[in-house]
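# Need a 3D model of the sequence below.
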Amino acid sequence: MQIQLALAKGRVAKKAIALLGEVGYTFPDYSDDSRKLIFTDSTGRIAFFLVKSPDVPTYVAKGVADIGIVGRDVLMEHPAPVYELLNLNIGRCRICVAGMENAQIPQNKKIVVGTKYPTIAKHYYNEKKQPVDIIYLNGSVELAPILGLSDYIVDIVETGSTLKENGLVVLEEIAQVSSRLIANKVSLKTKRAAIDPILEKFDSMRYDG
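Residues are numbered from 1 along each chain as shown. Down below sits the predicted model:
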């Protein structure tokens, strides 16, 4: 019984493929420059495909993939009816509020926030009862407060070097995130015998990234 695995493209995929190798699943036809879309491990037990990170929960929820590996930030921003099986502790970073150095966030006064994560930002400020206008941005969110488009940004922070280089600092931390192993609800029942060994191998690694 073959398991279909959806992986988020980029940094997470590279770490996940390395982790798969460490637990015994090797993909001889995979390379960074390959144009193939689907890769099968040497035993034929797992086949993975690469998609943009927001699409991973969708592929898993719809049953096209039995399991998936994706950042917790994606699951927070794009909630989906999937089971979260394990924290793999890869791709660790933080979701933070950032702004110009020495900036202080006023209370009970409407602020403007630029972000790639409008759902996370809206939920965070609703919980704080902070009036806010959310501006959705696709990239280079650091520019928003520098050019006056927004007062602050909500974004992923790994090392903070990009913020520092642009005169920005972390003002508040919303959540710590890392990549999670998720599963389709039906697959977890019908393919449990095939999924459990994968889960157990990942769990035994206790990967510390």
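# Please count neighbours and contacts with C-alpha atoms only from this point.
Fine.
# Ile3 contacts Phe49, doesn't it?
No - taking contacts as C-alpha atoms under 8 Å, Ile3 lies outside contact range of Phe49: 11.3 Å.
# So Glu175 belongs to a helix, correct?
Quick fix: residue 175 reads Ala, not Glu. No - looking at Ala175 with DSSP: H, G, I helix; E, B strand; the rest coil, it is strand, so not inside a helix.
# Could you check how far it is from Arg92?
11 Å (C-alpha to C-alpha, to the nearest Å).
# Any idea how many residues pack against Ser34?
Ser34 sits with 9 neighbouring residues when counted by other C-alpha atoms under 10 Å.
# my bad, should have said Arg92
Per other C-alpha under 10 Å, the neighbour tally for Arg92 reads 18.
# Just list the residues touching it, thanks.
Listed by C-alpha atoms under 8 Å, 6 or more residues apart in numbering, the contact set of Arg92 reads 158, 176-179, 209.
# how about 10 Å then?
12, 71-72, 156-158, 176-179, 208-209 (C-alpha atoms under 10 Å, 6 or more residues apart in numbering).
# about what we covered before: who touches both of Ala175 and Arg92?
72, 156.
# gap between the residue lying closest to Ile3 once chain neighbours are set aside and Ile69?
Leaving aside its sequence neighbours, Ile3 sits nearest to Ile46 (C-alpha to C-alpha, 6 or more residues apart in numbering; 4.8 Å). Separation of Ile46 from Ile69 (C-alpha to C-alpha): 13 Å.
# Can you name the helix or strand that the closest residue in space to Ile153 that isn't next to it in sequence falls in?
Using C-alpha to C-alpha, 6+ apart and skipping the chain neighbours, the partner closest in space to Ile153 is Gly114 (4.7 Å). Using DSSP states H and E, Gly114 sits in strand 111-115.
# Put the alpha carbons of that strand into PDB.
Output of strand 111-115 as PDB, limited to C-alpha atoms (Å, rounded to 0.1, in the frame of the first residue of the first chain):
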ATOM      1  CA  ILE A 111      -3.300  50.700  13.800                       C
ATOM      2  CA  VAL A 112      -2.500  49.600  10.200                       C
ATOM      3  CA  VAL A 113      -0.700  46.200   9.800                       C
ATOM      4  CA  GLY A 114       0.800  44.800   6.600                       C
ATOM      5  CA  THR A 115       1.100  41.100   6.300                       C
END
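# packing partners for it?
strand 93-100, helix 118-128, strand 132-136, helix 143-147, strand 152-157 (3 or more C-alpha pairs under 10 Å, 6 or more residues apart in numbering; DSSP states H and E).
# List the neighbouring strands of that strand plus their orientation.
strand 132-136 (parallel), strand 152-157 (parallel) (DSSP bridges).
# out of the ones you listed, nearest to Val97?
Nearest of the strands paired with strand 111-115 to Val97, taken as C-alpha to C-alpha: strand 152-157 at 4.6 Å.
# what's the offset of that closest one from the middle of its chain?
Centre-to-centre, strand 152-157 and its host chain are 14 Å apart (C-alpha atoms, centre = their mean, to the nearest Å).
# how much space is there between the residue most central in space within the chain and Ala16?
In the chain, the centroid-proximal residue (C-alpha atoms, centre = their mean) is Gly71; its distance is 2.1 Å. Distance, Gly71 to Ala16, by C-alpha to C-alpha: 11 Å.
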